[in-house]
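Colleague: just the structure for this:
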Amino acid sequence: MVKPSRRHLLTGFVATALWPRRALAQTRAQREVLVFYYGWYGTRVRSGADIHWLNPDPARERIEDAPNYPVGGPYDSLDPAIIDRQMAQMKAAGITGLIASWWRQNDRTDQQFPLLLKAAEAHGLKVCSYVEQAESAEKVADDVLYLHRQYGQHPALLKLDGKPVIMLFDRLMQVIGLNGWVKARRLIDQQVPNAISFVGTANTLKEISARKSAFDGLHIYSMQFETADHHWIPSLWRPAFYRDWVKAQAGAKVTTATILPGFDDRLQKDRTGRRPTVKREDGGPFRRQWKAAIAAKPDWILIVSFNEWHEASQIEPSTAFGMRELQTVKDMSAQFRH
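Modeller: Numbering: from 1, shown residues only. Below you'll find the model as predicted:
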């Protein structure tokens, strides 16, 4: 046996020391531009009632509980032609996938989910479910296992670390807490071990620290509080917020940054407390959020939202703003992904 030289030992030591970093770099999540999507809308013509369109008035282009009006008027989320149009708009804007609101088994969002998967596959987009309801750890586990059984093998599913992604809204943490989620994940893993990647919610840097080990990734949805609270010094707030937010996620399998074109939910009569608004102005604030998010170098940029008309966060074409926000997404997503 040839005795290794000091040089060989040093080279081997350096290679071993660098291996985890190289492996990490090789397995970083692919860059994605994902948009939150809502499939709960219905019309009298197709569904027998105006669902999530309160007293629509086509003549005046007005919906009682929405500040803006969609181009073409209210639509039905179970109409394949509508879904196809929306997918085409996303694809043209450089969006790579959608985070589809999912409420419960056999409701409208569940009925729509296979239609989304079929259309997404046709347009080369990815889909993940956004689980919004939580009654108990056991019910969360049951819903997740249902989603995995029903749709887990579909080729259009968004994947992280080779596994389909399920994202979880903050209501889950509000209802069952971190310990409840740990219990739910344990119940899930007992049935389908290590088969799903989970991206949870965090609203503060402290929550990122507390929750990071329990999820594969984290995200913030309610960006209206951040953007409204700091509107008077946006040029200072934006870069610092996104830099710190992405940095705090270091070590997760995916890092995320969320952007918001506008927000106004004051027409929702059941909501109380502080209701911040985020003005779109000339579209400039949205574009500047994009730039700050890109500079922070996340793996995924998340857009709130494609079509949350109640909260006026939509980028779907409206009579007020036309295609402006979709054009911004097209311009900025190209910069982010290349």
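
Colleague: I'd guessed residue 78 sits against residue 113; true?
Modeller: No - with contacts defined as Cβ atoms under 8 Å, residue 78 does not count as touching residue 113, sitting 10.8 Å away. For every residue, glycine as well, the C-beta is placed using N, CA and C.

Colleague: give the residues shared as contacts by those two.
Modeller: residue 39 (Cβ atoms under 8 Å, 6 or more residues apart in numbering).

Colleague: surely residue 188 is in contact with residue 141?
Modeller: Yes - contact criterion Cβ under 8 Å: residue 188 and residue 141 qualify, at 5.1 Å.

Colleague: of those two, give the one with the bigger neighbour count.
Modeller: More crowded of residue 188 and residue 141, by other Cβ atoms under 10 Å: residue 188, with 23 against 20.

Colleague: check contacts around that one.
Modeller: Contacts of residue 188 (Cβ under 8 Å, 6+ apart): 141, 144, 145, 196.

Colleague: which element follows the helix or strand the second one falls within toward the C-terminus?
Modeller: Using DSSP states H and E, residue 144 sits in helix 137-151. From helix 137-151 onward toward the C-terminus, using DSSP H and E, the following helix or strand is strand 159-160.

Colleague: for stretch 177-191, list every residue counted as buried.
Modeller: For stretch 177-191, a neighbour-count test (16 or more other Cβ atoms under 10 Å) marks 180, 181, 183, 184, 185, 187, 188 as buried.

Colleague: and for stretch 192-203?
Modeller: Using 16+ other Cβ under 10 Å as the test for burial, stretch 192-203 gives 196, 197, 198, 199, 200, 201, 202, 203.

Colleague: what pairs with the helix or strand harbouring the third one, parallel or antiparallel?
Modeller: For residue 198, the enclosing helix or strand under DSSP H and E is strand 197-201. Sheet pairing for strand 197-201, assigned by DSSP bridges, gives strand 163-168 (parallel), strand 217-219 (parallel).

Colleague: list the contacts of the last one.
Modeller: Right, the one you point to is strand 217-219. Contacts of strand 217-219 (Cβ under 8 Å, 6+ apart): 29, 160, 167, 197-202, 207-208, 211-212, 249, 252-256, 258, 300, 302.

Colleague: what do you get for the longest one?
Modeller: Applying Cβ under 8 Å, 6+ apart, the external contacts of strand 163-168 come out as 99, 128-131, 144, 147-148, 152, 157-159, 181, 194-201, 219.

Colleague: helices or strands up against the helix or strand hosting residue 112?
Modeller: For residue 112, the host element (DSSP H and E) is helix 108-123. Packing partners of helix 108-123 (3 or more Cβ pairs under 8 Å, 6 or more residues apart in numbering; DSSP states H and E): helix 80-92, strand 97-102, strand 126-131, helix 137-151.

Colleague: other SSEs contacting the last one?
Modeller: Think helix 137-151. Helices and strands touching helix 137-151, by 3+ Cβ pairs under 8 Å, 6+ apart, are helix 108-123, strand 126-131, strand 163-168, helix 171-191.

Colleague: residues of that helix that come out buried?
Modeller: 137, 140, 141, 142, 143, 144, 145, 147, 148, 151.

Colleague: okay if I get those as CSV plus distance to residue 60?
Modeller: Output for the buried residues of helix 137-151, formatted as CSV (distance: Cβ to Cβ, whole Å):
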residue, distance to residue 60
137, 47
140, 42
141, 47
142, 44
143, 40
144, 43
145, 46
147, 40
148, 45
151, 40
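
Colleague: give me the angle between the helix holding residue 144 and strand 163-168.
Modeller: 140 degrees (axes from the mean of the first three to the mean of the last three Cα atoms, to 10 degrees).

Colleague: which residues are contacting helix 137-151?
Modeller: Contacts of helix 137-151 (Cβ under 8 Å, 6+ apart): 102, 104-105, 113-114, 117, 129, 131, 133-134, 157, 164, 166, 172, 176, 180-181, 183-185, 187-188, 191-192, 195-196.

Colleague: what about the strands in the stretch 201-338 of the chain?
Modeller: In the stretch 201-338 of the chain, the strands defined using DSSP state E, counting those that start in this stretch lie at 217-219, 256-259, 300-303.

Colleague: give me the mean pLDDT for the last one.
Modeller: Within the predicted structure, the mean pLDDT of strand 300-303 is 98.

Colleague: roughly how far is that strand from the heart of the chain?
Modeller: A distance of 6 Å separates the centroid of the chain from that of strand 300-303, by Cα atoms, centre = their mean, to the nearest Å.

Colleague: picking up where we left off before, most tightly packed of the strands paired with strand 197-201?
Modeller: strand 217-219 (a mean of 26; mean count of other Cβ atoms under 10 Å).

Colleague: and that strand, how far out from the chain middle?
Modeller: For strand 217-219, the distance to the chain centre is 9 Å (Cα atoms, centre = their mean).
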